[in-house]
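A.B. asks: Structure here, sequence nowhere to be found:
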């Protein structure tokens, strides 16, 4: 996502240690399984799959999924007219919220799990959320009454820049 002369830019990625710890388990298991079954010729497990299936699963869960998660992220940019949000790979084009449609913006500290059900693009009782990490963000309230949380590590700065343009 690229806007001409952005006022504010922030990019966040999933870099929590516990996420990557969980994701690293599959590659370790598949490397062991391939070494055991393909290289040593000893069937892996009580009902082993074929070598091609094992290698395909190792590629999907050991390389493709970790790469997908590594690339996934939230990009937020402010132009003079709007807030532009892109949650890659789910948004091919940025979601745009024009300042003329926004009534209020306030920095908050929240509980990602309790308030919105976790990280990502979430829908909860408190509205829609775009968040990747941490527990800080900006809640914008649209003229329709809809509340949207934008996760940000620089939530006070972002809120101030939005409110200056309302």
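C.D. replies: Right, received. Where do you want to start? Please read these numbers as outputs of a predicted model, since none were measured by experiment.
A.B. asks: what's the following helix or strand after the longest helix along the chain?
C.D. replies: Of all segments of type helix in the chain, defined using DSSP state H, the longest is helix 17-34. Beyond helix 17-34 in the direction of the C-terminus, DSSP states H and E gives the next helix or strand as helix 51-59.
A.B. asks: Which residue is the nearest non-sequential neighbour of residue 165?
C.D. replies: In this structure, residue 165 finds its nearest non-sequential neighbour in residue 99, 4.7 Å apart by CB to CB, 6 or more residues apart in numbering. Yep, even glycine has a C-beta here, placed from its N, CA and C like the rest.
A.B. asks: dump the residue contacts of that neighbour.
C.D. replies: For residue 99, the contacting residues are 81, 82, 83, 162, 165, 166, by CB atoms under 8 Å, 6 or more residues apart in numbering.
A.B. asks: what's the spacing between the residue of the chain positioned farthest from its centre and residue 34?
C.D. replies: Using CA atoms, centre = their mean, the residue of the chain lying farthest from its centre is residue 41. It sits 40.1 Å away. The span separating residue 41 from residue 34 equals 12 Å under the rule CB to CB, to the nearest Å.
A.B. asks: Likewise for residue 154?
C.D. replies: 44 Å.
A.B. asks: Which one's more surrounded, these two?
C.D. replies: Neighbour count, other CB atoms under 10 Å: between residue 154 and residue 34, residue 34 has more, with 18 against 15.
A.B. asks: so that one makes contact with residue 55?
C.D. replies: Yes: when contacts are counted by CB atoms under 8 Å, residue 34 is listed as touching residue 55 (6.6 Å).
A.B. asks: List the buried residues in the longest helix of the chain.
C.D. replies: Within helix 17-34, the residues that qualify as buried are 23, 26, 30, 33, 34, counting by 16 or more other CB atoms under 10 Å.
A.B. asks: quick check: angle from that helix to helix 51-59?
C.D. replies: 160 degrees (axes from the mean of the first three to the mean of the last three CA atoms, to 10 degrees).
A.B. asks: Now residue 130: which helix or strand?
C.D. replies: When elements are defined using DSSP H and E, residue 130 is found to belong to strand 127-131.
A.B. asks: Need the contact partners of that strand.
C.D. replies: Defining contact as CB under 8 Å, 6+ apart, one finds that strand 127-131 is touched by 74, 85, 87, 112, 115-116, 119-123, 137, 139, 146-151.
A.B. asks: which of these are buried?
C.D. replies: Neighbour counting by 16+ other CB under 10 Å classes 74, 85, 87, 112, 115-116, 119-120, 122, 137, 139, 147-151 among those as buried.
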